[in-house]
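K.L.:
quick one: sequence plus predicted model below, questions after.
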Number of protein chains: 2
Amino acid sequence: MTTADRPYHHGELPEALIDAGLRLSRAGGAAALTLRAVTREAGVSATAAYRHFTDHDHLRRDTARRTRRALADTMLATIAELGTDLPAAETAVQRLRGVGLGYIRFALDEPGWFDLAFSMPDDPTATPDDAPGPFELLMESLDAMVATGVLSPDRRPGAEWACWGSVHGFADLVARGPLRDQERVVVDQLGRNVVEAVIAGVVAGSLDALRGPQA
Amino acid sequence: MTTADRPYHHGELPEALIDAGLRLSRAGGAAALTLRAVTREAGVSATAAYRHFTDHDHLRRDTARRTRRALADTMLATIAELGTDLPAAETAVQRLRGVGLGYIRFALDEPGWFDLAFSMPDDPTATPDDAPGPFELLMESLDAMVATGVLSPDRRPGAEWACWGSVHGFADLVARGPLRDQERVVVDQLGRNVVEAVIAGVVAGSLDALRGPQA
DNA sequence: GTGGCGATGTGTACGTTGTCAACATTACCC
DNA sequence: GGGTAATGTTGACAACGTACACATCGCCAC
């Protein structure tokens, strides 16, 4: 039946394998991304994957990279929803808000992909993506905040880790931790509060300059 | 050689298995906690574990619980180091600081245990621990802050998730993420900044009441 | 054209893992 | 002291990642 079904050479096997990996991890998280399950899904023998990926880990890393792209897309969509026709300073803060809320929304909507995205260290030898990843989007928004005077430069160093850590930790609670299976609305509101707290914590006193002195 | 080495009945197998699990996960994280490796380490056949644990997962959960106890101990030690002979209000904040810094210190010192501690959902059917766990310590410190007027009651709901998420996320970056293998001193300082930012974010304006009006 | 060669996919096999069923050994209680 | 339940062992199975030898195809040189 092999000969009747498909030509001997698949043609697009690497893409097909990654697509299968995305389907499986979407439903079952990183643990579902089994080499054999992926090849089975693609209608190909288990060892065929070794022609295009050195390892099981290699396939996982490449698939994880794709989920990180999906995360970045969710961030960009969230930023767009929040609106960008504002004064530059407000827009910068809004971008940080979009980054954080998009991150949490992604963890809520796609817990399987979120699990995979960060269960796997990005290998440094791979060619960097052309489009900005989640981390780049965060850095951009923080830099914009400094440039527009919302964030004082002496609070900039390390701010990316404070922001990422805070939001990532909450997203992790939602996707894999004690807040999983919690009601969506509640978690959403909690997520908003976390993002606000993060921004307040990072910006600290200098946000007052933007908002005006308000208790 | 089985008869010569040890008596047929081990006597303390459950404890021995968990101890072996702690040793293995300490060095290799959650992935190293293999049922066969654990039984091998305890000098016992693979299926012997099934007399005391229903599952591989059961053994993992029980071992993970122990690592969470170790985390709580680190938190308590850190709180003690920060000093407790202070006005009640300051002590409450100090306790929150100790909770956060202890969490991060634990992730730095025992990344393997930290990985295990939260790679596994706590099963709700188990009998609750007598000693307070990490989460209880966090709740206590936040409640104390409300009681002593450092934290306004309307900021209390959900604050535990904001705090936990923030600190957990940063600790995750340190133990398994891009900040792994970073220089200890740098990360430690970053961790301190994160904890301060978290406290500032959660407490927000009401902290001024404690510290006095200072820019 | 046609031969051959490199790229791609297959089949088989090995070691490891979690788990089950049947069996062996021991502690303990009437 | 003998029976019974608790505890540990052996052997087996399926699924996993992976190595090796082999099969099949696209494509370029002649």
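P.N.:
Sure, I can see it.
K.L.:
now do A:Asp129 against DNA strand D, distance only.
P.N.:
24 Å (CB to the nearest atom of the strand, to the nearest Å). Quick note: C-beta positions are derived from backbone N, CA and C, even for glycine.
K.L.:
by contact count, what packs against the lengthiest helix in chain A?
P.N.:
Among the elements of chain A assigned as helix by DSSP state H, the one spanning the most residues is helix A:56-82. Applying 3 or more CB pairs under 8 Å, 6 or more residues apart in numbering or on different chains; DSSP states H and E, we find helix A:56-82 packed against helix A:13-28, helix A:35-41, helix A:88-109, helix A:111-117, helix A:134-147.
K.L.:
is the second one positioned near DNA strand D?
P.N.:
Yes - counting by CB under 7 Å from any atom of the strand, DNA strand D has neighbours in helix A:35-41: A:Leu35, A:Arg36, A:Ala37.
K.L.:
compare those and tell me which has the most neighbours.
P.N.:
A:Leu35 (19 neighbours; other CB atoms under 10 Å in any protein chain shown).
K.L.:
and the residue of chain A at minimum distance from chain B, helix, strand or coil?
P.N.:
Nearest residue of chain A to chain B, counting by CB to the nearest CB: A:Gly169, 2.3 Å away. Reducing the assignment at A:Gly169 to three states with DSSP: H, G, I helix; E, B strand; the rest coil gives helix.
K.L.:
contact partners for the most centrally placed residue in chain A?
P.N.:
What sits nearest the mean C-alpha location of chain A, by CA atoms, centre = their mean, is A:Leu71, with 3.3 Å. The contact partners of A:Leu71, by CB atoms under 8 Å, 6 or more residues apart in numbering or on different chains, come to A:Gly102, A:Tyr103, A:Phe106, A:Trp113, A:Phe114, A:Ala117, A:Pro134.
K.L.:
so what's the nearest residue to the fourth one once chain neighbours are set aside up against?
P.N.:
This points to A:Trp113. Leaving aside its sequence neighbours, A:Trp113 sits nearest to A:Thr67 (CB to CB, 6 or more residues apart in numbering or on different chains; 4.1 Å). Residues near A:Thr67 by CB under 8 Å, 6+ apart: A:Leu22, A:Ser25, A:Glu110, A:Trp113, A:Phe114, A:Leu116, A:Ala117.
K.L.:
isn't the fourth one right up against A:Asp73?
P.N.:
Okay, so that is A:Trp113. No - checked against CB atoms under 8 Å, the pair A:Trp113 and A:Asp73 is beyond contact range at 11.4 Å.
K.L.:
more crowded one of those two?
P.N.:
A direct count of neighbours by other CB under 10 Å for A:Trp113 and A:Asp73 places A:Trp113 higher, at 25 against 14.
K.L.:
show me what contacts the more buried one?
P.N.:
Counting by CB under 8 Å, 6+ apart, A:Trp113 makes contact with A:Leu22, A:Ser25, A:Arg26, A:Thr67, A:Ala70, A:Leu71, A:Phe106.
K.L.:
so for the last one, what's the pLDDT?
P.N.:
In other words, A:Phe106. The model reports A:Phe106 with a pLDDT of 97.
K.L.:
over to the third one?
P.N.:
The predicted structure scores A:Arg26 at 98 on the pLDDT scale.
K.L.:
what of the first one?
P.N.:
In this prediction, A:Leu22 carries a pLDDT score of 98.
K.L.:
ok, the fifth one next?
P.N.:
Taken from the predicted model, the pLDDT recorded for A:Ala70 is 98.
K.L.:
what sits against A:Gly102?
P.N.:
A:Leu71, A:Thr74, A:Met75, A:Leu76, A:Ala77, A:Thr78, A:Ile79.
K.L.:
same thing with A:Pro134?
P.N.:
A:Arg68, A:Leu71, A:Ala72, A:Met75, A:Val99, A:Tyr103.
K.L.:
out of those residues, which is nearest to DNA strand C?
P.N.:
Of all the contacts of A:Pro134, A:Arg68 has the smallest distance to DNA strand C: 25.1 Å, by CB to the nearest atom of the strand.
K.L.:
the closest one: neighbour count?
P.N.:
Applying other CB under 10 Å, I find that A:Arg68 has 22 neighbouring residues.
K.L.:
with A:Leu151 instead?
P.N.:
27.
K.L.:
thinking again about what came up before, can I get the contacts of A:Thr67 in CSV including distance to DNA strand C?
P.N.:
Formatted as CSV, the contacts of A:Thr67 follow (distance: CB to the nearest atom of the strand, whole Å):
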residue, distance to DNA strand C
A:Leu22, 18
A:Ser25, 20
A:Glu110, 27
A:Trp113, 25
A:Phe114, 25
A:Leu116, 21
A:Ala117, 25
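K.L.:
determine which two of those are furthest apart.
P.N.:
Pairwise distances across the contacts of A:Thr67 (CB to CB) peak at 12.7 Å, for the pair A:Leu22 and A:Phe114.
K.L.:
quick one, which of those two is more surrounded?
P.N.:
A:Phe114 (28 against 19).
K.L.:
how about the contacts made by that one?
P.N.:
A:Phe114 touches A:Thr67, A:Leu71, A:Phe106, A:Ala107, A:Ala171, A:Ala175, counting by CB under 8 Å, 6+ apart.
K.L.:
do that again at 6 Å, thanks
P.N.:
A:Phe106, A:Ala107, A:Ala175 (CB atoms under 6 Å, 6 or more residues apart in numbering or on different chains).
K.L.:
check A:Ser166 too.
P.N.:
A:Ser166 makes contacts with A:Val198, B:Ser166, B:Gly169, as judged by CB under 6 Å, 6+ apart.
K.L.:
measure it to DNA strand C for me?
P.N.:
Distance of A:Ser166 to DNA strand C, computed by CB to the nearest atom of the strand: 34 Å.
K.L.:
likewise A:Arg184?
P.N.:
For A:Arg184, the distance to DNA strand C equals 31 Å [CB to the nearest atom of the strand].
K.L.:
try A:Gly165
P.N.:
31 Å.
K.L.:
and for that residue, the neighbour number?
P.N.:
Per other CB under 10 Å, the neighbour tally for A:Gly165 reads 29.
K.L.:
now A:His58
P.N.:
A:His58 has 15 neighbours, counted by other CB under 10 Å.
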